[in-house]
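Engineer: What follows is a protein structure lacking sequence information:
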């Protein structure tokens with residue numbers, strides 16, 4: 001069975017790629033993912049706040065004893081909350097490249113151009129095969145227009161693309177007025193890939209401690225519906241590679257994403273919940289399904305049920321919504 005695919009110009013053995021997560025914090029963990037069948041790995045994210053903290057600490061030592069140092073560090077997460085600092089992250093990339101044969105994709109997580117451009121060059125020099133920009137941006141300024149928010153994404157991408165020559169993917173949310181237009185503009189700005197979609201982790205309230213606390217919920221297969229729709233809509237209309245993420249737990253989820261038009265499928269919650277051996281389970285089940293249905297390759301699957309190739313082009317738009325509502329039968333009350 002030919003499971004080969006191309007993502008960001010990288011030739012991958014299969015579409016199965018572990019997404020950025022704590023599973024890649026140790027070199028042994030990355031090797032285990034390769035042994036389990038991962039075709040590439042996205043390293044855990046380095047956060048913009050870490051770069052700013054690193055710079056602020058340097059300024060503090062240079063200006064120690066003067067009146068110029070503000071208490072900015074109190075607004076950052078504690079250093080112990082981060083696994084590795086900026087310099088250690090570069091060393092981690094180099095060590096990963098030495099340890100495995102699969103492509104290593106670095107990940108930067110932030111919301112402004114900031115120091116990303118300078119650091120992106122370091123990531124390339126450390127040996128990363130590609131770079132994923134996870135733009136996690138929740139605008140709360142009521143005077144900030146949607147056009148300004150969108151321009152922030154484009155400015156970040158353009159600044160990084162001007163600095164590196166390795167492929168750059170943009171991981172973003174679906175929360176745009178017209179996501180199709182945003183995808184087109186990111187394409188025009190030079191994105192080599194679009195990763196659809198990141199999940200905003202919503203805070204919770206602790207009723208006993210009476211405080212707001214962070215809250216992480218692992219995804220379920222239901223979460224794949226939004227990226228499935230948008231990948232199907234974008235397939236064949238934009239040049240960047242399309243990677244599906246969020247809600248991919250089983251071989252059937254991967255197959256659906258490929259039929260919608262995905263070049264790669266990113267795995268995270270499934271691996272955290274079941275362990276990295278789940279990669280091999282998904283690959284085995286993919287092959288079994290493809291053999292049963294007489295498919296010979298991933299290429300044959302890819303985009304076969306995208307909007308471009310779907311017999312009913314309205315299936316991913318409003319008409320399907322109206323059909324779904326009209327066909328739904330409410331359970332009888334007892």
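Structural biologist: Now that the structure is in, tell me what you want to look at. Model, not experiment: these values are computed from the prediction. Numbering: from 1, shown residues only.
Engineer: quick one, helices of the stretch 201-334 of the chain?
Structural biologist: Using DSSP state H, counting those that start in this stretch, the helices of the stretch 201-334 of the chain run over residues 225-234, 251-260, 269-274, 278-292, 298-301, 318-327.
Engineer: Of all those helices, which one is nearest residue 37?
Structural biologist: helix 278-292 (4.4 Å; Cβ to Cβ). (C-beta placed from N, C-alpha, C; glycine too.)
Engineer: residue ranges with poor pLDDT in the stretch 1-150 of the chain?
Structural biologist: Filtered on pLDDT under 70, the stretch 1-150 of the chain yields the residue ranges 51-84, 114-115.
Engineer: Throw the helices of the stretch 201-334 of the chain into a markdown table and include distance to residue 155, mean neighbour count and mean pLDDT, thanks.
Structural biologist: Below are the helices of the stretch 201-334 of the chain laid out as a markdown table (distance: least, Cβ to Cβ, whole Å; neighbours: other Cβ atoms under 10 Å; pLDDT from 0 to 100):
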| stretch | distance to residue 155 | mean neighbour count | mean pLDDT |
| --- | --- | --- | --- |
| helix 225-234 | 22 | 22 | 96 |
| helix 251-260 | 30 | 23 | 98 |
| helix 269-274 | 31 | 18 | 94 |
| helix 278-292 | 36 | 17 | 98 |
| helix 298-301 | 35 | 19 | 96 |
| helix 318-327 | 33 | 10 | 62 |
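Engineer: gap between the nearest residue to residue 258 once chain neighbours are set aside and residue 309?
Structural biologist: Nearest residue to residue 258 in three dimensions, chain neighbours excluded: residue 301, at 4.6 Å (Cβ to Cβ, 6 or more residues apart in numbering). Going from residue 301 to residue 309 by Cβ to Cβ, to the nearest Å gives 11 Å.
Engineer: Would you mark the buried spots in stretch 109-123?
Structural biologist: 109, 110, 111, 114, 115, 116, 117, 119, 120, 122, 123 (16 or more other Cβ atoms under 10 Å).
Engineer: mind listing which of those are in helices?
Structural biologist: 116, 117, 119, 120, 122, 123 (DSSP state H).
Engineer: between the residues you listed, which is closest to residue 150?
Structural biologist: Using Cβ to Cβ, residue 116 comes nearest to residue 150 of those, at 17.6 Å.
Engineer: follow-up on the earlier one: out of the helices of the stretch 201-334 of the chain, the one nearest residue 215 is which?
Structural biologist: Smallest distance to residue 215 across the helices of the stretch 201-334 of the chain (Cβ to Cβ): 14.5 Å, for helix 269-274.
Engineer: Now for the closest residue to residue 236 other than its chain neighbours: which residues touch it?
Structural biologist: By the measure of Cβ to Cβ, 6+ apart, the closest residue to residue 236 outside its immediate chain neighbours is residue 308, 4.3 Å from it. Listed by Cβ atoms under 8 Å, 6 or more residues apart in numbering, the contact set of residue 308 reads 235, 236, 237, 261.
Engineer: so the second one makes contact with residue 302?
Structural biologist: No. With the criterion set as Cβ atoms under 8 Å, residue 236 and residue 302 do not qualify as a contacting pair; they are 10.4 Å apart.
Engineer: more crowded one of the two?
Structural biologist: Set side by side, residue 236 and residue 302 show more neighbours around residue 302, with 22 against 12, by other Cβ atoms under 10 Å.
Engineer: What distance do you get for the more buried one to residue 228?
Structural biologist: Residue 302 sits 14 Å away from residue 228, going by Cβ to Cβ.
Engineer: Same question for residue 207.
Structural biologist: 36 Å.
Engineer: One more: residue 140?
Structural biologist: Counting by Cβ to Cβ, the separation of residue 140 from residue 228 is 29 Å.
Engineer: Same check on residue 192?
Structural biologist: 22 Å.
Engineer: try residue 277
Structural biologist: Separation of residue 277 from residue 228 (Cβ to Cβ): 25 Å.
Engineer: ok, residue 46 touching residue 93?
Structural biologist: No. Taking contacts as Cβ under 8 Å, residue 46 lies outside contact range of residue 93: 9.7 Å.
Engineer: Between the two, tell me which one has more neighbours.
Structural biologist: Neighbour count, other Cβ under 10 Å: between residue 46 and residue 93, residue 46 has more, with 28 against 23.
Engineer: The more buried one in helix, strand or coil?
Structural biologist: strand (DSSP: H, G, I helix; E, B strand; the rest coil).
Engineer: So for it, what's the nearest residue that isn't a sequence neighbour?
Structural biologist: residue 89 (4.7 Å).
Engineer: Spell out which helix or strand contains that neighbour, please.
Structural biologist: Residue 89 belongs to helix 86-99 when assigned by DSSP states H and E.
Engineer: Give me the buried positions along that helix.
Structural biologist: Buried, per 16+ other Cβ under 10 Å, within helix 86-99: 86, 89, 90, 92, 93, 95, 96, 97.
Engineer: what residues are up against the third one?
Structural biologist: In other words, residue 90. Contact analysis of residue 90 by Cβ under 8 Å, 6+ apart lists 122, 123, 125, 126.
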